[in-house]
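Undergrad: quick one, what's the 3D model for this:
(chains A, B and C)
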Amino acid sequence: MPVHGGMLHLETAGDGQVVDLTEAIRSVVRTSGAERGVAIVFARGSTVAVTTMEYEPGAVADLTDLLERLVPRERSWAHNARTGDTNAHAHARAALIGPSESVPIVDGELLLGTWQQVVLVDFDDRPRQREVTVQVLV
Amino acid sequence: MPVHGGMLHLETAGDGQVVDLTEAIRSVVRTSGAERGVAIVFARGSTVAVTTMEYEPGAVADLTDLLERLVPRERSWAHNARTGDTNAHAHARAALIGPSESVPIVDGELLLGTWQQVVLVDFDDRPRQREVTVQVLV
Amino acid sequence: MPVHGGMLHLETAGDGQVVDLTEAIRSVVRTSGAERGVAIVFARGSTVAVTTMEYEPGAVADLTDLLERLVPRERSWAHNARTGDTNAHAHARAALIGPSESVPIVDGELLLGTWQQVVLVDFDDRPRQREVTVQVLV
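TA: You can find the predicted model right below:
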C-alpha cells in the first residue's frame, strides 16, 4: 500500500508554543522505508497550525510577537462574545497559517533546508493534547 | 488508479464569504472508497483561498474583520490602479492564506478535529462561480 | 513508480522577489506523462515561501508592500539581536505564508485559474540560489 502513516501525540503548553516536529517526522519516514515521496503533515484542531521555520529561540519569539501584534488576544472578538470562549485569537491565527504542509522525501530523507524545521504552533490559550498525522506517499 | 477525483462547483456571494466544504469533501472520499490516504483540496482562482477553521458565525465574522483590518479593501492598491479592477485586496488576502490544504483519511473518514471544518473563503468583491478540486490519494 | 520528481534551481534577487514557477512546473508535469494527479511544490529554506497569485506587476507590488507594512524589515527582532543576522523579517514572512502548495493535474494540465500562477517569494535580504521540488503524484 502506498500510504504509510504515523500519528504523533504531543502535549503542548498552548499560548503560541512552537514545537519542532522534524525528528518525529523523520522517524515516520524512516519506518516507512520510503526512498522518494512526500510527507504530508496535518495538525488536528482549529486552534493549531503547521508551518516551517528556523527553530531558533529568537525566530520563535519573533513569530509569537508578530502574531500578538497582528492578531491580538485582547480585542472584541465575536467568537468569544457568542460562545463564552477566550480563544478567538487562536482560531484566527490558526486559520491564517493553516493546518498542513507537504515536505519532499528524496533518498530517504526530508528535503528541508539546513535551517528549516517543520513546526506545530499551538495557539490555544491553555495546555492541549495534540495529534499530528504524518502520511508518507510514495 | 490511485487518484480519485471530485470537482465541487459552488456559487458564492464573494466579499469574504466563508463556505464550509467539509460535507462535500466527505462525499468525495466516500465515493472513492478510500480507507487510508489524503484528500487534497485546491481552489481555482487568484481571489479565493482554502483553510480550516471552526465554522461558527462568530469565528467567521472574526476572520472577515481581521482580514479587513490587516488587508483593507480601501487602500492605494497598484493592481487596481494598473488594471481598473477593484479587487486588489482580494488578491492579497488569497495569496496570504493560499489555495490548498491536505487532510488525512483514516478508516475511511477525514481526520479533522471536532470543531475543525475545511472552508473556502471567496475574497472577490462580487458573486462568483467557483471550482474546488478534491483529490483522494491512496 | 508513482512519484515523478523534478528539482528547479533558480537564482533570485531576494528582498521579496516574486518568481513565477508555473511554466517550470508544467514542464515537470509534461515530462512525467501524468494525466491525472497532484503536483506538490515545496521551496527549500526558511526565508522563502510558495503560494499562488495573479503574476501581474501591480499585484506583485501590492503583496510586497503589504508584507512590508505587516511585517516590517526595520523593527526590534529577537532573531537579529541573537544571531547578528539582518533577515528576521524574512523568516517571519516565510513562516506566515508557508513553503508548500499542491496543484491538481487533470487531463495532463495543471488545473489553475486563468489568472492564477504558482509563485515563489524570496524574502531573504540578499540574492539567493533556491531549490524548489516539484513532485507529481499519480
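
Undergrad: from here on, just use CA atoms for contacts and neighbour counts.
TA: Will do.

Undergrad: all the strands of chain A, residue numbers only.
TA: Secondary structure of chain A (DSSP state E): strands at A:3-12, A:17-20, A:36-43, A:48-53, A:100-106, A:109-110, A:117-122, A:128-137.

Undergrad: and the third one, C-alpha only, in PDB?
TA: I take that to be strand A:36-43. What follows is strand A:36-43, C-alpha atoms only, in PDB (Å, rounded to 0.1, in the frame of the first residue of the first chain):
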ATOM      1  CA  ARG A  36      11.200   9.100  -2.700                       C
ATOM      2  CA  GLY A  37       7.900  10.600  -2.000                       C
ATOM      3  CA  VAL A  38       6.100  13.200   0.100                       C
ATOM      4  CA  ALA A  39       5.500  13.500   3.800                       C
ATOM      5  CA  ILE A  40       2.100  15.300   4.400                       C
ATOM      6  CA  VAL A  41       1.800  16.700   7.900                       C
ATOM      7  CA  PHE A  42      -1.500  17.800   9.300                       C
ATOM      8  CA  ALA A  43      -2.500  19.100  12.700                       C
END
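
Undergrad: number of nearby residues for the residue of chain A found nearest chain B?
TA: Per CA to the nearest CA, residue A:79 is where chain A lies closest to chain B, at 3.9 Å. Neighbourhood size, residue A:79 [other CA atoms under 10 Å in any protein chain shown]: 24.

Undergrad: quick check: residues of chain A near chain C?
TA: A:36-38, A:51-54, A:56-59, A:61-63, A:66, A:70, A:96-97, A:101-104, A:111-117, A:138 (CA under 8 Å from any CA of the partner chain).

Undergrad: any idea which helix is longest in chain A?
TA: helix A:57-70 (DSSP state H).

Undergrad: give me the helices and strands touching that helix, please.
TA: In terms of contacts (3 or more CA pairs under 8 Å, 6 or more residues apart in numbering or on different chains; DSSP states H and E), helix A:57-70 is packed against helix C:78-83, helix C:88-97.

Undergrad: residues in contact with the last one?
TA: If you take CA atoms under 8 Å, 6 or more residues apart in numbering or on different chains as the criterion, helix C:88-97 is touched by A:51-54, A:59, A:62-63, A:66, A:96-97, B:96-98, C:46-51, C:67, C:71-73, C:77-80, C:123-125.

Undergrad: tilt between it and strand C:48-53?
TA: Interaxial angle of helix C:88-97 relative to strand C:48-53 (axes from the mean of the first three to the mean of the last three CA atoms, to 10 degrees): 50 degrees.

Undergrad: how about helix C:88-97: buried residues?
TA: Buried residues in helix C:88-97, counted by 16 or more other CA atoms under 10 Å in any protein chain shown: C:88, C:89, C:90, C:91, C:92, C:93, C:94, C:95, C:96, C:97.

Undergrad: what does stretch A:8-21 give?
TA: So stretch A:8-21, judged by 16+ other CA under 10 Å, has buried residues A:12, A:13, A:14, A:15, A:16, A:17, A:18, A:19, A:20, A:21.

Undergrad: dump the helices and strands packed on helix A:57-70 into JSON lines; add mean pLDDT as well.
TA: Listed next are these as JSON lines, based on pLDDT from 0 to 100:
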{"stretch": "helix C:78-83", "mean pLDDT": "98"}
{"stretch": "helix C:88-97", "mean pLDDT": "98"}
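
Undergrad: those helices: which one's closest to residue C:25?
TA: In terms of CA to CA, the element of the helices and strands packed on helix A:57-70 nearest to residue C:25 is helix C:88-97, at 19.6 Å.

Undergrad: send the alpha carbons of the closest one over as PDB?
TA: What follows is helix C:88-97, C-alpha atoms only, in PDB (Å, rounded to 0.1, in the frame of the first residue of the first chain):
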ATOM      1  CA  ALA C  88      14.400  38.200  10.800                       C
ATOM      2  CA  HIS C  89      11.600  39.800   8.900                       C
ATOM      3  CA  ALA C  90      12.200  37.300   6.100                       C
ATOM      4  CA  HIS C  91      11.900  34.400   8.500                       C
ATOM      5  CA  ALA C  92       8.600  35.700   9.900                       C
ATOM      6  CA  ARG C  93       7.100  36.400   6.500                       C
ATOM      7  CA  ALA C  94       8.000  32.900   5.200                       C
ATOM      8  CA  ALA C  95       6.600  31.100   8.200                       C
ATOM      9  CA  LEU C  96       3.300  33.000   7.700                       C
ATOM     10  CA  ILE C  97       2.800  32.100   4.100                       C
END
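
Undergrad: surely residue A:66 and residue C:71 touch.
TA: Yes. Under the criterion of CA atoms under 8 Å, residue A:66 makes contact with residue C:71 at 7.4 Å.

Undergrad: circling back: make JSON lines out of the buried residues of helix C:88-97 and add distance to residue A:29.
TA: Listed next are the buried residues of helix C:88-97 as JSON lines, based on distance: CA to CA, whole Å:
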{"residue": "C:88", "distance to residue A:29": "30"}
{"residue": "C:89", "distance to residue A:29": "31"}
{"residue": "C:90", "distance to residue A:29": "29"}
{"residue": "C:91", "distance to residue A:29": "26"}
{"residue": "C:92", "distance to residue A:29": "27"}
{"residue": "C:93", "distance to residue A:29": "28"}
{"residue": "C:94", "distance to residue A:29": "25"}
{"residue": "C:95", "distance to residue A:29": "23"}
{"residue": "C:96", "distance to residue A:29": "25"}
{"residue": "C:97", "distance to residue A:29": "25"}
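
Undergrad: what is the nearest of the residues you listed to residue C:132?
TA: residue C:94 (14.4 Å).

Undergrad: which bits of chain A sit near chain B?
TA: Residues of chain A that fall close to chain B, judged by CA under 8 Å from any CA: A:1-3, A:40, A:42, A:44-47, A:70-71, A:77-82, A:88, A:91-92, A:94-101, A:133, A:135.

Undergrad: PyMOL command to pick out the buried ones of these?
TA: In PyMOL, this line selects whichever of these come out buried by 16+ other CA under 10 Å:
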select buried, chain A and resi 2+3+40+42+44+45+46+47+71+77+78+79+80+88+91+92+94+95+96+97+98+99+100+101+133+135
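
Undergrad: farthest-apart pair in the buried residues of stretch A:8-21, please.
TA: Applying CA to CA across the buried residues of stretch A:8-21, the maximum distance is between A:15 and A:21, 17.5 Å.
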